[in-house]
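> Predicted coordinates and the sequence they were generated for:
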Protein chains: 2
Amino acid sequence: MGLTRTEIFTEEQNQLSSWLKAMAHPARIAILQRILISNTCICGDLVDELGLAQATISQHLKELKNAGIIQGTIEGVSVCYCINPTTWKLLQSKLGGFFDSYKGEVNCC
Amino acid sequence: MGLTRTEIFTEEQNQLSSWLKAMAHPARIAILQRILISNTCICGDLVDELGLAQATISQHLKELKNAGIIQGTIEGVSVCYCINPTTWKLLQSKLGGFFDSYKGEVNCC
DNA sequence: AATTAATATCGCAATATTACGATTAATAAT
DNA sequence: ATTATTAATCGTAATATTGCGATATTAATT
């Protein structure tokens, strides 16, 4: 026990939950918002702006990268992160479909 | 350490990540999909349909309920769960705004 | 009142996450 | 070459999550 039983769920359910999991932390929401606002890439300014240690920020960036939500390229001595357009659009459409599939309130509960 | 430092983030960042966290598990995605498909309320059929123990399902339902995503009313000996319309629409619009704020790919990264 | 049913809760083991200091790796500047 | 800068990784402590068997709770049924 202690580990998620992914084998009993569909590929899609596992994929969607893994994307959501990658975003399900206030620091990672903050990082994404920062990347979205600056539109162009940002680097390690995050460490100054969020109140977390450098090692912690790096770990959060890694998780977002592993999930495919952001991508980073080395830019001299620093690293430049930005949204992965492909994943972003795919996730957006999957989530959109998910939320849209709710057809109003049936009078129960 | 080991606990999220919510105090350094905004109310909105904490709220959004807490909603996402509640959904970030394949079993809870499956539960939501099942509720969405049946449109009307569902009861404890979940235990038969997903391959998880009754205690585990009950725990997942509790998490979705605590996050405000679903609601349940006692229906005789069983409990009837369905989407919480208010939270659903709010989350949908928050997420929509979040994803829409991405303005295409800038040529970097 | 006793029995059945459907859920919730408790307690526990296994594993995962969060955070950070310390260290390492890699490039830029002196 | 040495030094500074930036980011990744390692190791570790504290806490959270996942899953389930066992037990408790609640309401209907007999």
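Cool, got the structure.
> Chain neighbours aside, what residue packs nearest to residue A:65?
Leaving out its chain neighbours, the residue that sits closest to residue A:65 by CB to CB, 6 or more residues apart in numbering or on different chains is residue A:72, at 6.2 Å. Backbone N, C-alpha and C define where each C-beta goes, glycine included.
> contacting residues for the one you found?
A:61, A:65, A:79-82, B:109 (CB atoms under 8 Å, 6 or more residues apart in numbering or on different chains).
> one more time with 10 Å, if that's ok
A:41, A:43, A:61-62, A:64-65, A:78-82, A:84, B:109 (CB atoms under 10 Å, 6 or more residues apart in numbering or on different chains).
> For those, which entry has the maximal number of neighbours?
In terms of neighbours by other CB atoms under 10 Å in any protein chain shown, these top out with residue A:81 at 25 neighbours.
> Now it: which helix or strand?
Per DSSP states H and E: residue A:81 is located in strand A:78-83.
> Following that strand in sequence, what is the next regular element?
helix A:85-100.
> quick one, that next one and helix B:85-100 angle?
Per axes from the mean of the first three to the mean of the last three CA atoms, to 10 degrees, the angle that helix A:85-100 makes with helix B:85-100 is 160 degrees.
> average pLDDT across helix A:85-100?
Here helix A:85-100 scores 97 as its mean pLDDT.
> Now do that helix against strand A:78-83: the angle between them, please.
Going by the same axes, to 10 degrees, helix A:85-100 makes 40 degrees with strand A:78-83.
> In chain A, which residue sits closest to DNA strand D?
Using CB to the nearest atom of the strand, the single residue of chain A nearest to DNA strand D is residue A:44, 1.7 Å away.
> hang on, the earlier thing: of all the contacts of residue A:72, which comes closest to residue A:8?
Ranked by distance to residue A:8 (CB to CB), those are led by residue A:64 at 26.9 Å.
> now that closest one: how far from residue B:16?
Computed as CB to CB, to the nearest Å, the residue A:64 to residue B:16 distance reads 15 Å.
> next one: residue A:67
On the measure of CB to CB, residue A:67 and residue B:16 end up 16 Å apart.
> likewise residue A:103?
Applying CB to CB, the value for residue A:103 to residue B:16 is 24 Å.
> Looking at those two, which is more packed in?
residue B:16 (21 against 9).
> Could you list the buried residues of stretch A:39-56?
Across stretch A:39-56, burial judged by 16 or more other CB atoms under 10 Å in any protein chain shown covers A:41-42, A:44, A:46, A:50, A:52.
> Need the three-state assignment for the nearest residue in space to residue A:8 that is not next to it in sequence.
Spatial nearest neighbour of residue A:8, chain neighbours left out: residue B:51 (4.3 Å); criterion: CB to CB, 6+ apart. Counting by DSSP: H, G, I helix; E, B strand; the rest coil, the backbone at residue B:51 sits in coil.
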